[in-house]
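Asker: turn this into a structure:
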Amino acid sequence: MPKFSSTYQPSQQSRTRALVFVYGTLLSGCGNHHVLEMDPTYRLIGRGSIRAQMFTAHWGYPHIKFSRNNKHRVVGEVYDVDRKLLYGSLDRLEGYSRQRASQGSCLYFRKKVTVLLKPEDDRTQVQTFVYEAGNYLKDRSELIPSGDWKKAKAVRSNSVLLPKV
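Answerer: Residues are numbered from 1 along each chain as shown. Okay, here's the model as predicted:
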């Protein structure tokens, strides 16, 4: 698990670094986290939430749709990564390209979002990149009301394994 950076200051961002909010398979301990580890200088800035709703397509593709309702929250982690990783491996993983985005045909779209870092009473906010679902995924989705991918996967695993009484 990556080490939490308690000394992060937003002004430390540069042209070579970017913040990215992850909420699904890129989370620590999940199947695609190794992509973040391709950047030897990546670091966990903190855990937080964004105003969005979480969905899944067949329990393999978690995705979000931004919301205006502050009650809709998706939880995740914020990482500081090399921009080459963001524009390369992460964009490829998420099916994003500028060309396809201009045509509206990406699997996910890379967007900027404000993340409220925890502890929530601190009200620290940072601007990050995040991948939001494209239309293909939005039309084939099941809502995850908790907005928490790890929690939803654990609940689903337990309910599938437990015998019906």
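Asker: so the nearest residue to residue 24 once chain neighbours are set aside, which of the three states?
Answerer: Nearest residue to residue 24 in three dimensions, chain neighbours excluded: residue 62, at 3.2 Å (Cβ to Cβ, 6 or more residues apart in numbering). C-beta here means a position set from N, CA and C on the backbone, and glycine is covered the same way. What DSSP: H, G, I helix; E, B strand; the rest coil gives for residue 62 is strand.
Asker: wait, what's in contact with residue 62?
Answerer: By Cβ atoms under 8 Å, 6 or more residues apart in numbering, the contact list for residue 62 reads 23, 24, 25, 54, 55, 56, 144, 149.
Asker: residue 51 now?
Answerer: Counting by Cβ under 8 Å, 6+ apart, residue 51 has contacts 66, 67, 68, 69, 70, 72, 73.
Asker: could those residues be laid out in a markdown table, adding neighbour count?
Answerer: Listed next are the contacts of residue 51 as a markdown table, based on neighbours: other Cβ atoms under 10 Å:
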| residue | neighbour count |
| --- | --- |
| 66 | 15 |
| 67 | 15 |
| 68 | 6 |
| 69 | 9 |
| 70 | 8 |
| 72 | 18 |
| 73 | 19 |
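Asker: what about residue 141, distance to residue 71?
Answerer: Residue 141 sits 19 Å away from residue 71, going by Cβ to Cβ, to the nearest Å.
Asker: brain fart, residue 48
Answerer: To residue 71, residue 48 is 16 Å away according to Cβ to Cβ.
Asker: need the pLDDT of the spatially most central residue of the chain.
Answerer: A centroid search over the chain (Cα atoms, centre = their mean) returns residue 22, at 2.2 Å, as the residue closest to the centre. With respect to pLDDT, residue 22 scores 98.
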